[in-house]
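**Student:** Sequence and predicted structure, then a few things I'm wondering about:
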Amino acid sequence: MTTAAAPVATAEEKRRIRWADLAPFIALGVIVFIGILINSNFASSANLINVITRSAFITIIAVGATFVISSGGLDLSVGSMMAFVTGIMIMTMNGLAPSYGSWAIVMGAGVALVVGGLCGLFNGLIITVGRIEPFIVTLGTMGIFRAFITFMSDGGSLPIDRSLREAYRPVYFGDFLGIPYPVLITLAVVLLGAFLLYRTKYGRRLTSVGSNAEVARFSGVNVSRVRTLAYVIQGLCVGVAAICYVPRLGAATPTTGQLWELQVITAVVIGGTLLRGGRGRIWGSVAGALILEVIANVMVLSDMVSEYLVAAVQGAIIIIAMLAHRFTSSR
């Protein structure tokens, strides 16, 4: 009787897992449907393209956060890191513009990736070598990065050089065959992240470390290296997001990326990645980022809830998502 019941239990578990994977996309569809009912302008092509494009920054960073959280880590510094990387990128481009012209944009983009990767490496090494909780380390670096951009901008704005604005503007506002460049860049990052997490030995080691670091260590996995690399990937994703972000506003300020860590973690959690580690859902994180942006857009288009309560709604969403995770885990 026991042996006969085992295959049934396995089939039920597989069905439950499939539904759990689809849940973020079902929720996204429901929210989109509600948005159409509230305001017909929501379904216009211009508005939908705007929503998807605006979600690009959070989506790109959420891909990196999926790696970090899947490894059992956490990064609260991504918003401040974004501001810091953006400031360094703008300063580099402004300094090189007189000598290299538009090529300064390419060089600045390269610097953004390097600085982002180094920031991630800094976080990862302190956590793994210093054996300090990720929450404490990234809370500290969040303050450090935010202080740096405030110092660099002298508490004000750090604008891009006027000679570079027109050349750089198409990176955010331009498109290829009707698809905005930020969406194409986001898609490339998502595909690369999905391949790395699902199809490589590193991805398997990452989830094993997140599930049980001690078992992974006894299996011959270099836990410190795997976790450090996850933070480097997070930093590189921040660098890519900065490259897309700069042409949008053309400046970096001390408030750039403020509260983005909340949006990123919320997107990853409601996308199905376990906050305790061991399971990552790249495409779920994409759906999570879109859900947040769609909700914000619906709030702007409707008069029912003030758009100034977007952060409150996002905070409520992550609490509800964690309660849902706890409920499904207990079952």
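**Tutor:** Alright, I've got the coordinates.

**Student:** Could I get the buried residue list for whichever helix or strand residue 299 is part of?
**Tutor:** According to DSSP states H and E, residue 299 maps onto helix 282-301. For helix 282-301, the neighbour count (16 or more other C-beta atoms under 10 Å) marks 282-299, 301 as buried. C-beta: built from backbone N, CA, C; applies to glycine.

**Student:** Next, work out how far apart residue 166 and residue 180 are.
**Tutor:** 18 Å (C-beta to C-beta, to the nearest Å).

**Student:** In terms of neighbours, single out the busier of the two.
**Tutor:** In this view residue 166 and residue 180 are compared by other C-beta atoms under 10 Å, and residue 180 has more residues nearby, 22 against 10.

**Student:** and the helix or strand hosting residue 242, what other elements does it pack with?
**Tutor:** Secondary structure assigned from DSSP H and E places residue 242 in helix 223-249. When contacts are defined as 3 or more C-beta pairs under 8 Å, 6 or more residues apart in numbering; DSSP states H and E, helix 223-249 sits against helix 56-70, helix 78-100, helix 103-129, helix 162-168, helix 170-173, helix 181-199, helix 201-211, helix 213-218.

**Student:** Does anything pack onto the fourth one? Which helices or strands?
**Tutor:** Read it as helix 162-168. Applying 3+ C-beta pairs under 8 Å, 6+ apart, one finds that helix 162-168 makes contact with helix 78-100, helix 103-129, helix 223-249.

**Student:** Ok, the longest one next?
**Tutor:** Under the contact criterion of 3+ C-beta pairs under 8 Å, 6+ apart, the helices and strands touching helix 103-129 comprise helix 78-100, helix 134-152, helix 162-168, helix 223-249.

**Student:** now swap in the fifth one and tell me
**Tutor:** Taking 3+ C-beta pairs under 8 Å, 6+ apart as contact, the helices and strands that helix 170-173 lies on are helix 181-199, helix 223-249.

**Student:** angle of the longest one against helix 103-129?
**Tutor:** Right, helix 223-249. Orientation check (axes from the mean of the first three to the mean of the last three C-alpha atoms, to 10 degrees): helix 223-249 against helix 103-129 gives 150 degrees.

**Student:** Give the partner strands of the next helix or strand after helix 223-249 in its sheet and their orientations.
**Tutor:** Counting by DSSP H and E, the next helix or strand C-terminal to helix 223-249 is strand 251-252. Strand 251-252 has its sheet partners listed here by DSSP bridges as strand 158-159 (antiparallel).

**Student:** How about residues contacting the partner strand?
**Tutor:** 87, 90, 91, 149, 152, 250, 251, 252, 253 (C-beta atoms under 8 Å, 6 or more residues apart in numbering).

**Student:** can you put these in TSV and add pLDDT and neighbour count?
**Tutor:** As requested, those are arranged in TSV below (pLDDT from 0 to 100; neighbours: other C-beta atoms under 10 Å):
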residue	pLDDT	neighbour count
87	95	26
90	95	25
91	94	17
149	95	25
152	93	17
250	88	19
251	90	16
252	92	28
253	92	19
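
**Student:** got JSON lines for these, with distance to residue 244 too?
**Tutor:** As requested, these are arranged in JSON lines below (distance: C-beta to C-beta, whole Å):
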{"residue": "87", "distance to residue 244": "16"}
{"residue": "90", "distance to residue 244": "14"}
{"residue": "91", "distance to residue 244": "18"}
{"residue": "149", "distance to residue 244": "18"}
{"residue": "152", "distance to residue 244": "20"}
{"residue": "250", "distance to residue 244": "13"}
{"residue": "251", "distance to residue 244": "15"}
{"residue": "252", "distance to residue 244": "14"}
{"residue": "253", "distance to residue 244": "17"}
